[in-house]
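**Q** Attaching a predicted model along with its sequence, questions to come.
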Amino acid sequence: MRGGAAKLFRDIYGYEYSVYAFAPGRVNLIGEHTDYNGGFVFPCALNLGIEGAARLRNDNILRFYSANFPDDGIIQVETASLRNGGWAAYPLAVISAFSAMGYNINSGADFVFRGNLPDGSGLSSSAALEVLTGLLLRELYGFSVTAQELAVFGQFAENRFIGVNCGVMDQFASAMGKKGSAVLLNSSTLSYSYAPLDSVNTALVLVNSGVKHSLASSAYNDRRRECESALADINGVKKTPSLCALGAEEFEMYKDAVKSPVCRKRAKHAVYENQRTIDAAQALKNGDLKGFGRLMNESHLSLQNDYEVSCAELDFLARSAWETTGVYGARMTGGGFGGCTVNLVKKEFAESFAVDIKQKYKEKFGTEASVYAVEPGCGAHLY
Ligand code: GLA
């Protein structure tokens, strides 16, 4: 992929870039909707993502161009007014976040971006764009900011300036991913460890339902509110800082304090999903891929029935995978309401799985599912 954004910068602006970098998308193996409930997540960065090139200007103008939105042309704003309704809202939100954190962006710059994450696939193109922008800003303006801070600033940008109350998982995976490994992240402390995936014997296969997931217009913020309401009710009888701070036994003891049955289901998902994530990381460590796969399948069912963020297409893809030879486990991944399933498949069955699931999906829905075999990639870095 390297090479595209550098040339693009020259073609668009007619002069040389000074910084050139890449930030990956992510796939979450397990631990869904736990990151804003104080729990564990287990994502990996992908070898797909966004690259960007940039250079400072001598005035107060910021210009943005994306190869993925060529019809938008060059988007131009002044450093004093950081608003734009299109895709440039994301880099502008990051610039606003840096300013809010006390990092002064006092001169203009030119940016180009080029990504190869499939649009609307739920593989975190927005988090990749946020982390990438942060990295470019750090280099352009000489800010002293760690990779973890890039993740946190990206999340802050999304929460405050985009209006999606996401957790930190996507940005963290994009900033901190490690080649060949998944990251086990404790979202309440940001402590993390890497867990290698066996890419010799297993394949990580993503199946894109083609159903466009859209976080802002989806029920993501509602889910978050429902969890907060459940937490407030539980705190009436048992003081706890987050839902995931409760073990399953404690939850069973106090769950009736949650007045709304819907909020109770949401809380149940968060508590049990957190335990599944801890167990899955342990299973992987022990080389127990069957156990890992079983937990992935349970995670899907919980997201389908208790958290209610799946859809008919994702349910079909997960179920079909469960019935296919060589599949350890399969589940929807990311926020939900469309996007991809993640499938852990025995290497020798990866190709037949891809052919088989595409055919079944076409027969059922009349549309194509795309299949990508991915590798855990490294986090955001300069070229
Ligand atoms: C989106 C959010 C993440 C996380 C997932 C669900 O990807 O950006 O913070 O909450 O949904 O696990």
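**A** Okay, I see it. Residues are numbered from 1 along each chain as shown.
**Q** so is Leu135 in a helix, a strand, or just coil?
**A** helix (DSSP: H, G, I helix; E, B strand; the rest coil).
**Q** Report the contact partners of it.
**A** Shown in contact with Leu135 (C-beta atoms under 8 Å, 6 or more residues apart in numbering): Ala21, Ala23, Leu150, Ala380, His381, Leu382. Where you see a C-beta, it was placed from the backbone N, CA and C, and this is true even at glycine.
**Q** got the residues of this structure near the ligand?
**A** Counting by C-beta under 6 Å from any ligand atom, the positions of the chain adjacent to the ligand are Asn28, Glu32, His33, Asp35, Tyr36, Cys166, Gly167, Met169, Asp170, Gly334, Gly335.
**Q** Who wins on neighbours among these?
**A** For the residues of the chain next to the ligand, the largest neighbour count, defined by other C-beta atoms under 10 Å, is 32 neighbours, found at Asp170.
**Q** Now the spatially most central residue of the chain: closest residue in space that isn't a chain neighbour?
**A** Residue closest to the mean C-alpha point of the chain, counted by C-alpha atoms, centre = their mean, is Asp170 at 3.3 Å. Using C-beta to C-beta, 6 or more residues apart in numbering and skipping residues adjacent in sequence, the residue nearest Asp170 is Ala127, 3.5 Å away.
**Q** Double-check that the one you found belongs to a helix.
**A** Yes - Ala127: assigned to a helix according to three-state DSSP.
**Q** Any chance of JSON lines for the residues of the chain next to the ligand, columns distance to Leu197, secondary structure and pLDDT?
**A** Shown next, in JSON lines, are those (distance: C-beta to C-beta, whole Å; DSSP: H, G, I helix; E, B strand; the rest coil; pLDDT from 0 to 100):
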{"residue": "Asn28", "distance to Leu197": "13", "secondary structure": "strand", "pLDDT": "98"}
{"residue": "Glu32", "distance to Leu197": "18", "secondary structure": "coil", "pLDDT": "98"}
{"residue": "His33", "distance to Leu197": "22", "secondary structure": "coil", "pLDDT": "98"}
{"residue": "Asp35", "distance to Leu197": "20", "secondary structure": "coil", "pLDDT": "98"}
{"residue": "Tyr36", "distance to Leu197": "25", "secondary structure": "coil", "pLDDT": "98"}
{"residue": "Cys166", "distance to Leu197": "24", "secondary structure": "coil", "pLDDT": "94"}
{"residue": "Gly167", "distance to Leu197": "22", "secondary structure": "coil", "pLDDT": "97"}
{"residue": "Met169", "distance to Leu197": "17", "secondary structure": "helix", "pLDDT": "98"}
{"residue": "Asp170", "distance to Leu197": "19", "secondary structure": "helix", "pLDDT": "98"}
{"residue": "Gly334", "distance to Leu197": "18", "secondary structure": "coil", "pLDDT": "95"}
{"residue": "Gly335", "distance to Leu197": "23", "secondary structure": "coil", "pLDDT": "93"}
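**Q** Kindly format the C-alpha coordinates of the longest strand seen in the chain as CSV.
**A** Using DSSP state E, we find that the single longest strand of the chain is strand 43-56. Extracted in CSV, the C-alpha atoms of strand 43-56 (Å, rounded to 0.1, in the frame of the first residue of the first chain):
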residue,chain,number,x,y,z
PRO,A,43,-8.7,-6.6,19.3
CYS,A,44,-5.9,-6.7,16.8
ALA,A,45,-4.7,-4.0,14.4
LEU,A,46,-5.1,-5.0,10.8
ASN,A,47,-2.7,-4.9,7.9
LEU,A,48,-5.3,-2.7,6.2
GLY,A,49,-5.7,1.0,7.1
ILE,A,50,-5.1,4.6,6.0
GLU,A,51,-2.0,6.3,5.0
GLY,A,52,-1.5,10.0,5.1
ALA,A,53,1.0,12.6,4.0
ALA,A,54,1.2,16.2,5.3
ARG,A,55,3.2,19.4,5.4
LEU,A,56,3.0,22.7,7.3
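**Q** Break down the stretch 201-350 of the chain into its strands, ranges please.
**A** Along the stretch 201-350 of the chain, counting by DSSP state E, counting those that start in this stretch, strands occupy 202-208, 327-332, 340-346.
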